[in-house]
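Asker: Got a sequence here, can you model it:
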Amino acid sequence: MSSKRSSARSNENEDFSLKLRDLLTTNKKKKRNATKLLDETCSHIKRLNGEVDNLSNRISELMASPDIDSSIKSNILKQLLQQ
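Answerer: Down below sits the predicted model:
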């Protein structure tokens, strides 16, 4: 499942990258779309920041848990980082 998410994110990032490249090489008529594209890009970055924050919180909670031994924490951390 994490590979599907990673692939989807990769495709989404590639789409944004292509749109930005197109924006940089277009004429003035298409620059009206620049605002929309930049808004989409900002939203995408905010969403990614939210995902990073959530993952950071999950890792912090895991590391603070006294109920889990270190080998299990290590395995869980590996799984979280692969998402």
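Asker: Below-threshold pLDDT in this protein: ranges please.
Answerer: 1-9, 23-32, 83 (pLDDT under 70).
Asker: could you redo the last one with a cut-off of 50?
Answerer: 1 (pLDDT under 50).
Asker: Spatially central residue for it, please.
Answerer: Taking C-alpha atoms, centre = their mean, the centroid of the chain lies closest to residue 48, which sits 3.5 Å from it.
Asker: helix, strand or coil for that one?
Answerer: Secondary structure, DSSP: H, G, I helix; E, B strand; the rest coil: residue 48 is helix.
Asker: What separation is there between it and residue 41?
Answerer: 11 Å (C-beta to C-beta, to the nearest Å). All C-beta atoms are positioned from the backbone trio N, CA, C, and that covers glycine.
Asker: Equivalent analysis for residue 66, please.
Answerer: On the measure of C-beta to C-beta, residue 66 and residue 41 end up 42 Å apart.
Asker: Which one of these two is surrounded by more residues?
Answerer: residue 41 (15 against 5; other C-beta atoms under 10 Å).
Asker: What strand or helix carries that one?
Answerer: helix 32-64 (DSSP states H and E).
Asker: Check which helices and strands that helix is in contact with.
Answerer: helix 2-24, helix 70-81 (3 or more C-beta pairs under 8 Å, 6 or more residues apart in numbering; DSSP states H and E).
Asker: Now these in TSV, please, with extra columns for mean neighbour count.
Answerer: Converted to TSV, those look like this (neighbours: other C-beta atoms under 10 Å):
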stretch	mean neighbour count
helix 2-24	11
helix 70-81	11
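Asker: In a markdown table: those helices, plus distance to residue 58.
Answerer: Listed next are the helices and strands packed on helix 32-64 as a markdown table, based on distance: least, C-beta to C-beta, whole Å:
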| stretch | distance to residue 58 |
| --- | --- |
| helix 2-24 | 14 |
| helix 70-81 | 6 |
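Asker: Please identify which of the ones you listed is closest to residue 62.
Answerer: helix 70-81 (5.8 Å; C-beta to C-beta).
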